[in-house]
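> can't give you the sequence, but here's the structure:
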């Protein structure tokens, strides 16, 4: 035998079978308004009744109607839980964002599942929740863009793991606004506040401070490597966005040599030191070409570029690795004698 709620939904379905979409939307809006007016006085059974009926109607609605429902119900403390969950998982930002930002009843498992796959608007909405535990901010920081990073860093109710803070600190070296928000926080771990004066005068590194720029890049690359493999595609992206120092530090990390060695290879008048490094980690010609383009304001003549490509293709990985190891050992010996 059907329960009274199921029977009500079935009766509603039969009644609305021939109703227009506009009529369905009108009924849903009226139900939402009725719920909002009486929510503080509704018991669990009444909320469940609203939940079943509105969820049934909402699933057949267009984005605009679902977005309006999300904005209206999300701030209510005892909002219908199944409906709220359905709205939160909606791929349309216009629907999910209000719920992700304000709904109190969403369980942590749902929030983390959404954070792992959603777009930047939904991540930004999550950063505006009143409280965020480190398990959730780790995902947000890892996947979020600059706007998301600044927003979560400025949320006083957000808590971060040490790795989450390290990643934010690395980004702050090239993002003064993020740096300013981090400075206002009073929960920065002591270990980060002490690390090589990273916290002192935190600001975007300048060309006049190469040591700080390299250190900032090492922090950034280290945090990235803890999140996953440093790939050729990732480094290409850094080069295309003007982050040569990070790309060089990553290259040195993959080659197993000091960052200073990659920086010196980049600054050398000849392209050969950089060629050996790139080839030693089995990267392709594209990365070497991007490095060379970034260090020169003038376009390399086609015949010179062709000669470089031929030299790259003729160099074996084994030979490149042997030369890199030899040069690294020589630099270490020279450093020990200084």
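Structure received. These figures come from a predicted structure and were not determined experimentally.
> Can you mark which positions in the helix or strand harbouring residue 114 are buried?
Assigned by DSSP states H and E, residue 114 belongs to helix 108-117. Neighbour-count burial for helix 108-117 flags 110, 111, 112, 114, 115 (criterion: 16 or more other Cβ atoms under 10 Å). From N, CA and C alone the C-beta is placed, and that goes for glycine too.
> Per-residue pLDDT of the first one, please?
The predicted local distance difference test score for residue 110 is 95.
> quick revisit: pick the one among the buried residues of helix 108-117 closest to residue 38.
Distance to residue 38, by Cβ to Cβ, is smallest for residue 110 among the buried residues of helix 108-117, at 26.1 Å.
> Contact partners for the closest one?
85, 88, 89 (Cβ atoms under 8 Å, 6 or more residues apart in numbering).
> For the first one, which non-adjacent residue is closest in space?
Across the structure, with Cβ to Cβ, 6 or more residues apart in numbering as the measure, the residue nearest residue 85 apart from its sequence neighbours is residue 110 (6.2 Å).
> cool, the last one as well?
Taking Cβ to Cβ, 6+ apart as the measure, residue 89 lies nearest to residue 114, with 6.5 Å between them; neighbours along the chain are not counted.
> Would you mind measuring from that neighbour to residue 140?
Relative to residue 140, residue 114 is positioned 11 Å away (Cβ to Cβ, to the nearest Å).
> next SSE after the helix holding residue 114?
Criterion used, DSSP H and E; the element after helix 108-117 is helix 120-127.
> The next helix or strand after that following helix packs against which elements?
Downstream of helix 120-127, the first helix or strand assigned by DSSP H and E is helix 134-143. Contacts defined by 3 or more Cβ pairs under 8 Å, 6 or more residues apart in numbering; DSSP states H and E place helix 134-143 against helix 108-117, helix 120-127, helix 146-153, helix 162-172.
> Compare the mean pLDDT across these and name the weakest.
helix 162-172 (a mean of 85).
> What residues sit buried inside it?
163, 164, 165, 166, 167, 168, 169, 170, 171, 172.
> Please apply the same query to stretch 88-105.
Neighbour-count burial for stretch 88-105 flags 88-90, 92-93, 95-103, 105 (criterion: 16+ other Cβ under 10 Å).
> now swap in stretch 254-261 and tell me
Residues 254, 255, 257, 258, 259, 260, 261 are the ones in stretch 254-261 that count as buried (16+ other Cβ under 10 Å).
> can you pull the contacts of residue 35?
For residue 35, the contacting residues are 42, 50, 54, 73, 76, 80, by Cβ under 8 Å, 6+ apart.
> so which of those residues is the most crowded?
Among the contacts of residue 35, residue 80 has the most neighbours (other Cβ atoms under 10 Å), with 28 neighbours.
> In terms of pLDDT, where does that one sit?
Here, the pLDDT recorded for residue 80 equals 94.
> Also residue 88?
96.
> That one - nearest residue in space that isn't next to it in sequence?
Leaving aside its sequence neighbours, residue 88 is closest to residue 99 (4.6 Å, by Cβ to Cβ, 6+ apart).
> Give me the three-state assignment for that neighbour.
Following DSSP: H, G, I helix; E, B strand; the rest coil, residue 99 is assigned to helix.
> could we number from 681 for the rest of this?
Okay, using 681 as the starting number, the last item reads as residue 779.
> correct me, but it touches residue 754?
Yes. Counting by Cβ atoms under 8 Å, residue 779 does reach residue 754; the two are 4.5 Å apart.
> Mutual contacts of those two, please.
Jointly contacting residue 779 and residue 754 under the rule Cβ under 8 Å, 6+ apart are 764, 767.
> Can you report how many residues lie near the residue nearest to residue 835 when sequence neighbours are not counted?
Counting by Cβ to Cβ, 6+ apart, the nearest residue to residue 835 once its immediate chain neighbours are dropped is residue 807, at 5.8 Å. The number of residues packed near residue 807 is 24, by other Cβ under 10 Å.
> wouldn't residue 807 be in contact with residue 837 here?
No. Using Cβ under 8 Å as the test, residue 807 is too far from residue 837 to be in contact (10.1 Å).
> on that earlier part again, what residues are up against the residue nearest to residue 835?
Taking Cβ under 8 Å, 6+ apart, we find residue 807 in contact with 820, 824, 828, 831, 832, 835, 838.
> so how far is residue 998 from the residue nearest to the fifth one when sequence neighbours are not counted?
Distances taken as Cβ to Cβ, 6+ apart place residue 807 nearest to residue 832, at 4.0 Å, with adjacent residues excluded. Here residue 807 is placed at a distance of 48 Å from residue 998 (Cβ to Cβ).
> Kindly report the same for residue 760.
Counting by Cβ to Cβ - residue 760 and residue 998 are separated by 65 Å.
> Report pLDDT for residue 756.
So residue 756 comes in at 94 (pLDDT).
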